[in-house]
Each structure stands twice: as structure tokens, then as C-alpha cells.
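> Using only what follows, build the 3D model:
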Amino acid sequence: MNDHVYKQIELTGSSIESSDDAIRCAIARAAKTLRHLHWFEVTETRGLVEDDKITRWQVTIKVGLRIDD
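Next up, the predicted model:
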């Protein structure tokens, strides 16, 4: 069968480096316990500002997991 079915979950990753790194952290952590991660969509991007500097990025993503046959 060539058609796939996906389940969506929402994750929020954080990083002191960048928004891209926050996404990578969320995906890497989820991959330790979930199988068949297939795609992601960024839904929110936030940052923490301290002393006029960005000190942390937070990115919320929806992740699609392919359901087993």
C-alpha cells in the first residue's frame, strides 16, 4: 500500500544557540522514544531577552509520525 497515515504531536524545543538548534533538539529528543518521524511544521517561535540580549530560543513544532501498517 502506498498511502500513509500520520499522527501529529506538538513539541517545544529550546536552545541557547538558535531557533534551528531548538528544532533539532526537539526532534532528537523525540526520536529517542518515537518511531517513524516523518515531517515537521514550525507553529511558534519565541525568545527570551535578558539584559538586551537574546539568551534562549523556544520553537514549537508539529511533528508527523507515520503510523505502522
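
> How are the strands of the protein distributed by residue range?
6-15, 37-50, 53-66 (DSSP state E).

> strands paired with the second one, and their directions?
Strand 37-50 has these partner strands in its sheet, going by DSSP bridges: strand 53-66 (antiparallel).

> The first one now?
The pairing partners recorded for strand 6-15 under DSSP bridges are strand 53-66 (antiparallel).

> any idea how far Ala22 is from Val42?
10 Å (CB to CB, to the nearest Å). Using the backbone N, CA and C atoms, a C-beta is placed for each residue, glycine as well.

> For these two, indicate the residue with more neighbours.
Ala22 (26 against 12; other CB atoms under 10 Å).

> hang on, the more buried one packs against Ser14?
Yes. In this structure Ala22 lies within contact range of Ser14 using CB atoms under 8 Å: 5.4 Å.

> Common neighbours of those two, please.
Trp57, Gln58, Val59 (CB atoms under 8 Å, 6 or more residues apart in numbering).

> want to throw those into JSON lines with distance to Arg66?
JSON lines is the format used below for the shared contacts of Ala22 and Ser14 (distance: CB to CB, whole Å):
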{"residue": "Trp57", "distance to Arg66": "28"}
{"residue": "Gln58", "distance to Arg66": "26"}
{"residue": "Val59", "distance to Arg66": "22"}
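
> In those residues, which residue is surrounded by the most others?
Val59 (25 neighbours).

> still on that earlier bit, now the strands of the chain as TSV including distance to Arg29?
Formatted as TSV, these follow (distance: least, CB to CB, whole Å):
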stretch	distance to Arg29
strand 6-15	7
strand 37-50	11
strand 53-66	11
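
> Stretch 51-69: how far from the chain's middle?
3 Å (CA atoms, centre = their mean, to the nearest Å).

> what does that stretch contact?
1, 4-19, 21-23, 26-27, 30, 34-49.

> filter those to the buried ones?
Leu11, Gly13, Ser14, Ser15, Ser19, Ala22, Ile23, Ala26, Ile27, Ala30, Phe40 (16 or more other CB atoms under 10 Å).

> will you turn those residues into TSV that also has pLDDT and distance to Asp68?
Output for the buried ones among the contacts of stretch 51-69, formatted as TSV (pLDDT from 0 to 100; distance: CB to CB, whole Å):
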residue	pLDDT	distance to Asp68
Leu11	98	20
Gly13	98	25
Ser14	97	30
Ser15	98	31
Ser19	97	32
Ala22	98	29
Ile23	98	25
Ala26	98	22
Ile27	98	20
Ala30	97	17
Phe40	97	19
